[in-house]
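S.K.: Below are the sequence and a predicted model; questions follow.
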Amino acid sequence: MLLKTVFFYSLFIGCLNAPGQAQTTDKNNSRRDQQHIADVDRRGDEVMGFSHGLTGHHFHLLTNGGSIEVEADRPGDDSSKAAIRKHLEMIAEMFGRGDFSLPMFIHDTVPPGVEVMKRLKAKISYVAENTAQGAEVRITTKDPEALAAIHQFLRFQIKDHRTGDATRVETRS
């Protein structure tokens, strides 16, 4: 009887502590997530030459690849527009050479799809184009393996930059 009482008492105390432990874990994860977000934005601002706070990033998965769009939030922000255009032109050139060092630095990891995109760089096209508020990089391929890698890469960007963009493939190309 004593053994049963000790067992149930231990179980009861364990249940009382469990919610507090879950809250502590949630708080630690939340702090870690907030720090990661701040670090991604800080490193991004450092290498891109424009502020996340003054611009918007968007990533689109397309049937033949995808796009990376960055635009100034305010129509008259010519400084951000110029910095965006310069950065995305550089990104198109770097990615075309298989150089993904900037996104690896910004995100502090190798984004999914990067290794395949490097290996298949000759089968992928990266073209920077100006938009009214900034620029975009169009990423295209006819290779199914490269296409899957591009989509992995863009889904990661959507998540890590918290854009809220669709992670499904859009029918436009």
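M.R.: Received, thanks. Numbers count the residues shown, from 1 in each chain.
S.K.: Can you name the residues that contact Val114?
M.R.: Counting by C-beta atoms under 8 Å, 6 or more residues apart in numbering, Val114 makes contact with 100, 103-104, 149, 153. Every C-beta, even on glycine, is put in place using the N, C-alpha and C of the backbone.
S.K.: Oh, that last question was meant for Thr109, not what I typed.
M.R.: Contacts for Thr109 were tallied using C-beta under 8 Å, 6+ apart; there are none.
S.K.: Name the SS class of it, please.
M.R.: What DSSP: H, G, I helix; E, B strand; the rest coil gives for Thr109 is coil.
S.K.: quick revisit: now compare the contacts of Val114 and name the two farthest from each other.
M.R.: Met104 and Ala149 (14.8 Å; C-beta to C-beta).
S.K.: more neighbours, those two?
M.R.: For Met104 versus Ala149, the count of surrounding residues by other C-beta atoms under 10 Å is larger for Ala149: 22 against 13.
S.K.: which stretch of helix or strand covers the more buried one?
M.R.: helix 144-160 (DSSP states H and E).
S.K.: and that helix, what does it pack onto?
M.R.: Applying 3 or more C-beta pairs under 8 Å, 6 or more residues apart in numbering; DSSP states H and E, one finds that helix 144-160 contacts strand 55-62, strand 65-72, helix 101-107, helix 114-119, strand 134-141.
S.K.: Show me where the chain dips below the pLDDT cut-off.
M.R.: Scanning the chain for pLDDT under 70 picks out 1-33, 35-49, 107, 173.
S.K.: cutoff 90 now
M.R.: Scanning the chain for pLDDT under 90 picks out 1-55, 102-110, 160-163, 171-173.
S.K.: just to revisit the earlier point, out of the contacts of Val114, flag the one nearest to Phe50.
M.R.: Among the contacts of Val114, Pro103 lies closest to Phe50 (C-beta to C-beta), at 15.7 Å.
S.K.: check contacts around the closest residue to that closest one other than its chain neighbours.
M.R.: Counting by C-beta to C-beta, 6 or more residues apart in numbering, Pro111 is the residue found nearest to Pro103 once chain neighbours are left out, at 5.6 Å. By C-beta under 8 Å, 6+ apart, the contact set of Pro111 is 100, 103-104, 152-153, 156-157, 160.
S.K.: Closest to Lys123 out of the residues you listed?
M.R.: When the contacts of Pro111 are ranked by distance to Lys123 (C-beta to C-beta), Phe153 comes first, at 14.4 Å.
S.K.: Okay then, goodbye and thanks.
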